[in-house]
Structure formats: structure tokens, C-alpha cells
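>>> what would the 3D arrangement of this be:
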Amino acid sequence: MPLVQAWLKAGTNESTIMTTYNHQLLIIDGNQKDAKALDSLLQGEGYQTRVMPTGEQGLSEINDNPIALVVLDHNSLPDSGIELIEDITREDPLLQLIVLSSDSSFDSAIKALRSRAA
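Now for the predicted structure:
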């Protein structure tokens, strides 16, 4: 059960949860150079970030810590980015995602969007 749902079930005030989640971003990117560049950019804008190199580690982070937004590069992951989107949606359907891709294929983008909608 995602952390927010557990807090709500325990009676935690929603404004307390939102304050905790403010600016907590998770970057899931298998390319260390790209992840570091995005991490530096977002931290420079005042966001608190965490970087995970695999989908498995990213899912663990989502379950264990308050995350407001996930940015993931589905092409750079050792595991399937599409499956990761589906897993994140199953774990926390309200969690916002930004999906990056170096693949110019329109089919790839549609597949990613459909996996989130399912």
C-alpha cells in the first residue's frame, strides 16, 4: 500500500500529507549521466530529488517514501519502462508521471500512454 494511502487510513490530515510531499521528485533513469544532469537541474530549481537506476528500486522508493512526481526514461531502464508505468499505476494510481523517451517512434509513445490509462 502506498505511503499516502496508509497515512490517510491512519487519519493523517491531508494538508500535513501535502506539505510532506511538497517538491519530492523521483527520477528513474538507467543512464547515470542523464539522471545526474536532470537531478542537478531540478535541485537547482528547489526540488528535493531522489534518483534510482532501475524500476525495481524506483518502485521500492515509491512504497517507502513520499513522492509527488516520478520522472522516468523508459528507454534507459534495464527492465521494461512500459511495465514500470503499469506497476506504478497499480501501486499508486494518483501518482503523476513524466515519461521521457529517446525513441522517436509514435507507437512507443502511444503504448506508454495506454499503459497508464489501463
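>>> do you know how far Val71 is from Ala10?
29 Å (Cβ to Cβ, to the nearest Å). C-beta here means a position set from N, CA and C on the backbone, and glycine is covered the same way.
>>> give me the more crowded residue out of the two.
Set Val71 next to Ala10 and count neighbours by other Cβ atoms under 10 Å: Val71 wins out with 20 against 7.
>>> what's the weakest-modelled helix or strand in the chain?
helix 14-21 (a mean of 58; mean pLDDT, DSSP states H and E).
>>> what's the first helix or strand after that helix?
Downstream of helix 14-21, the next assigned helix or strand under DSSP states H and E is strand 24-28.
>>> which of the residues in that next one are buried?
Across strand 24-28, burial judged by 16 or more other Cβ atoms under 10 Å covers 25-28.
>>> low-confidence ranges, the protein, go.
Counting by pLDDT under 70, the chain contains low-confidence ranges at 1-8, 12-23, 76-80, 102-118.
>>> now the helices for it?
3-9, 14-21, 32-44, 55-64, 81-91, 106-117 (DSSP state H).
>>> tell me which other helices or strands the longest one touches.
So that's helix 32-44. strand 24-28, strand 48-52 (3 or more Cβ pairs under 8 Å, 6 or more residues apart in numbering; DSSP states H and E).
>>> that one vs strand 48-52, what angle?
In terms of direction (axes from the mean of the first three to the mean of the last three Cα atoms, to 10 degrees), helix 32-44 departs from strand 48-52 by 170 degrees.
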